[in-house]
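In: pasting the sequence and the predicted model now:
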Amino acid sequence: MSLPSMIIKLTLGFLWCIIHLAISLLSLCSLLIFNLECCLISSGLLWKYWNLQLAKLKYLAIVVDSREAKNTVKINQLLCWLKTLGVKYVCLYDIDGVLKKLFEPGMDGSRDNKPGDYLDVSANTKALGCCQRQMTIECISGSDGKEGIAKAANLLCSTFLNGDSYTQENVKSEENIKSEPVFTETDMANALKSIGCAGPEPDLLLVYGPARCHLGFPTWRLRYTEIMHMGPLKSMKYGALVKAFHNFSKKYQNYGK
């Protein structure tokens, strides 16, 4: 290897190390500042977080990684914080249904036709600590999303084949006239509602886990939902939850026609 090529290689390697170190330091500083802010919020030293305006937060969804959903202590603590902050309606989701099994003893059995199970914590506190009262919890899993969309598709197809007018359009061609199904978003929403899989749309969705995505949460319920990643459940912080609610209260959404 010639001397110039060795110098170029060493220079590029040195620059890469410098850039990597700079990014690592910035990430570390950002994490330290975030943790410090969460501590100040939890201790009540930041006045702007004292009075949260949660009028827009009528329905909250929590997505938890299935591997962390088995930590019942953290789940119970999170629900305690939500109840303390005044949240009345919560949807818990994990793709494998771990949370669903956790709350199964207290679920409302009258909703056999609906995949989402509900627990009225004000009436039943066996699955939770006594602090989560007067809060309604819905539990869904990844299978509910797949089952719901399959049932809705079957309903639309059977309705079309039976000649009913869920949505049908006659498409004219030069040779003949064919009747083809044309299903719109409204048709699918009505079908999901008919089979009990529509459910309310969350105003805010908090994701606890390593992935920055909704992990399979039913997408038809996320049309106008604000999504925030909260990091791993094991390192959740009360201050981070308050900050997320504060940031959401400052959001302004434009709804198109």
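Out: Alright, I've got the coordinates. Residues are numbered from 1 along each chain as shown.
In: could you check how far residue 47 is from residue 138?
Out: 34 Å (CB to CB, to the nearest Å). C-beta: built from backbone N, CA, C; applies to glycine.
In: neighbour-wise, which of those two wins?
Out: Each of residue 47 and residue 138 has its neighbours counted (other CB atoms under 10 Å); residue 138 has more, 24 against 7.
In: phi, psi for that one please.
Out: Residue 138 adopts backbone torsions of phi -110, psi 130, taken as degrees, to the nearest 10.
In: correct me, but it touches residue 199?
Out: Yes. Counting by CB atoms under 8 Å, residue 138 does reach residue 199; the two are 7.2 Å apart.
In: pretty sure residue 230 sits in a helix.
Out: No. Read with DSSP: H, G, I helix; E, B strand; the rest coil, residue 230 is strand and lies in no helix.
In: quick check: closest non-adjacent residue to the residue most central in space within the chain.
Out: For the chain, the residue nearest the mean C-alpha position is residue 205 (3.8 Å; CA atoms, centre = their mean). Distance criterion CB to CB, 6 or more residues apart in numbering; nearest residue to residue 205, sequence neighbours excluded, is residue 61 at 4.3 Å.
In: helix, strand or coil for the one you found?
Out: strand.
In: tell me what it is bridged to.
Out: Beta-bridge pairing for residue 61 (DSSP bridges): residue 91, residue 205.
In: gap between it and residue 149?
Out: Computed as CB to CB, the residue 61 to residue 149 distance reads 18 Å.
In: how deep is the residue nearest to residue 205 tucked in, by neighbour count?
Out: 27.
In: could we number from 752 for the rest of this?
Out: Will do, 752 is the new start, and the previous item becomes residue 812.
In: isn't there a strand covering residue 817?
Out: No. Read with three-state DSSP, residue 817 is coil and lies in no strand.
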